[in-house]
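**Student:** got a predicted structure plus its sequence, pasted below:
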Amino acid sequence: MADPKAILFYMGLFPAFVDLPNVTVADTFAIMLIATLVVGTVKATYAYLATRVKAILGVSSIRRKLDISAACVLIGVGVVLLLGH
């Protein structure tokens, strides 16, 4: 709930979809439960995928290929910027 994007959504955009004067305590708890489940599921999925990527990048041959690819892209972008000006 400390995510700035979520705070902006709940304070700015969310009231456009919910009639705030008519929200009951039960509605508030339902909204909180749904938001927590949705955001929690998404963040748990991100955490799971991050661990999988960490395991894959732990292999030195794959990491070396990615480093070389990244270096080539950076050199290419540098050349394009240099020639474009």
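**Tutor:** Received, thanks.

**Student:** which stretches in this protein count as helices?
**Tutor:** 4-8, 25-57, 60-84 (DSSP state H).

**Student:** tell me which of those lies nearest to V18.
**Tutor:** V18 lies closest to helix 25-57 among the helices of the chain, at 7.5 Å (C-beta to C-beta). (Glycine included, C-beta is placed from N, CA and C.)

**Student:** pick out the shakiest of the helices of the chain, pLDDT-wise.
**Tutor:** Here the lowest mean pLDDT among these goes to helix 4-8, at a mean of 80.

**Student:** using PDB, list the CA coordinates for that one.
**Tutor:** Provided in PDB are the C-alpha atoms of helix 4-8 (Å, rounded to 0.1, in the frame of the first residue of the first chain):
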ATOM      1  CA  PRO A   4       3.100   5.800  -4.900                       C
ATOM      2  CA  LYS A   5       1.200   4.700  -8.100                       C
ATOM      3  CA  ALA A   6      -1.400   2.900  -6.000                       C
ATOM      4  CA  ILE A   7      -1.800   5.900  -3.600                       C
ATOM      5  CA  LEU A   8      -2.400   8.200  -6.600                       C
END
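
**Student:** before we move on, back to that, so can I have CSV of the helices of the chain showing distance to F14 and mean neighbour count?
**Tutor:** Below are the helices of the chain laid out as CSV (distance: least, C-beta to C-beta, whole Å; neighbours: other C-beta atoms under 10 Å):
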stretch, distance to F14, mean neighbour count
helix 4-8, 10, 10
helix 25-57, 9, 10
helix 60-84, 39, 10
